[in-house]
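Student: Need coordinates for the following:
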Amino acid sequence: MGEAAQDTDDPPPVMCVHGWGGSFTDTWERNGFTALLADAGREVIGVDLLGHGQAPKPHEPEAYADLTTRVVSSLPDSPVDAIGFSMGALTLLRTAVEHPGAFRRLVLAGIGRNVFEFDEDRSAAIARAVSGDIDDEDNLSRLFAQYAARPGNDPTALAAVLRQPQRVRLDEAALASVSCPTLVIVGDRDFVHPADRLVEAIPDCRSVELRNVDHFATPDDFGFVDAALEFIGAIPT
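Tutor: Residues are numbered from 1 along each chain as shown. Model prediction:
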């Protein structure tokens, strides 16, 4: 990995990391995002997190204690730009803290107050719904269960991801070490909104708020696409 994350005349590859229940193909290829990066002349590094896509799908929660491993193993020797959604954004953020110099620019979408306000009861309720114990009155858990049931997903593995042993959580002291320019993008109807505390904790950080956009719609929103591509200098020609 590189020693510093600085802009250069030769733009680096772009790493794309999906959220919980998604995959590189489903989140970034299906909607044409990777095609836009290719049109801008950018190489793409696609990552499937453990339990997702083409990655192994263990059923033991302990296997998911460190989701950064597949990100770190995909990093080249020099800094890359990276774009992550939801759990992928959290994983990239932790990687930025633990591996300074890994990223030139960082785009974090679909995260905000949840970085600091982990709700263990909520996570457990979603895991139960994904495992088949669905409370019809709990709309958020029901949505996650529907997401987990999509073709190609392993609901048992995805429930295990939600039950993973919690590592030391990110706080202001840790986030102060993030050295690369960072963009946080969140919809105003997202359950992780607002992102003010997160933006303030990262030294070189700006934010974009998407109007009338919820969590699951974020990667497909034109406002997200435009903001992310502009931030990393990948406007298609």
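Student: centre of the chain versus stretch 61-79, how much separation?
Tutor: Stretch 61-79 has its C-alpha centroid displaced from the chain centroid by 13 Å (CA atoms, centre = their mean, to the nearest Å).
Student: From R42, how far out is A55?
Tutor: Separation of A55 from R42 (CB to CB, to the nearest Å): 23 Å. Just so you know, the C-beta spots here come from the backbone N, C-alpha and C atoms, and that holds for glycine as well.
Student: quick one, which of those two is more surrounded?
Tutor: R42 (19 against 15; other CB atoms under 10 Å).
Student: Now do that one, the pLDDT please.
Tutor: Here, the pLDDT recorded for R42 equals 97.
Student: Next, it: phi, psi?
Tutor: phi -110, psi 130 (degrees, to the nearest 10).
Student: cool, R104 as well?
Tutor: Per degrees, to the nearest 10, the backbone of R104 is at phi -80, psi -50.
Student: pretty sure G84 contacts F103?
Tutor: No. Between G84 and F103 there is no contact under CB atoms under 8 Å: 10.3 Å.
Student: Pull up the overlap in contacts between those two.
Tutor: L92 (CB atoms under 8 Å, 6 or more residues apart in numbering).
Student: Now do the end-to-end distance for stretch 182-196.
Tutor: By CA to CA, to the nearest Å, the extent of stretch 182-196 from end to end equals 13 Å.
Student: Not counting its own residues, what contacts that stretch?
Tutor: 96, 105-114, 140, 198-199, 202, 204-215, 217-218, 221, 223-224, 227-228, 231.
Student: same check, this time on stretch 27-43
Tutor: With CB under 8 Å, 6+ apart, stretch 27-43 has contacts from 11, 13-14, 16, 18-19, 44, 46, 81, 85, 88, 219-220, 225, 229, 232, 234-237.
Student: hmm, try it at 7 Å
Tutor: 11, 13-14, 16, 18-19, 44, 46, 85, 219-220, 225, 229, 234-237 (CB atoms under 7 Å, 6 or more residues apart in numbering).
Student: buried subset of those?
Tutor: Buried residues within those, counting neighbours by 16 or more other CB atoms under 10 Å: 11, 13-14, 16, 18-19, 44, 46, 85, 219, 225, 229, 234.
Student: Among those residues, which are located in strands?
Tutor: Within these, residues falling in strands by DSSP state E are V14, C16, V44, G46, F85.
Student: Closest one of these to Y64?
Tutor: For those, the residue nearest Y64 by CB to CB is F85; the value is 17.6 Å.
Student: was I right about the closest one contacting G19?
Tutor: Yes. Counting by CB atoms under 7 Å, G19 is a contact partner of F85 at 4.4 Å.
Student: That'll do, ta.
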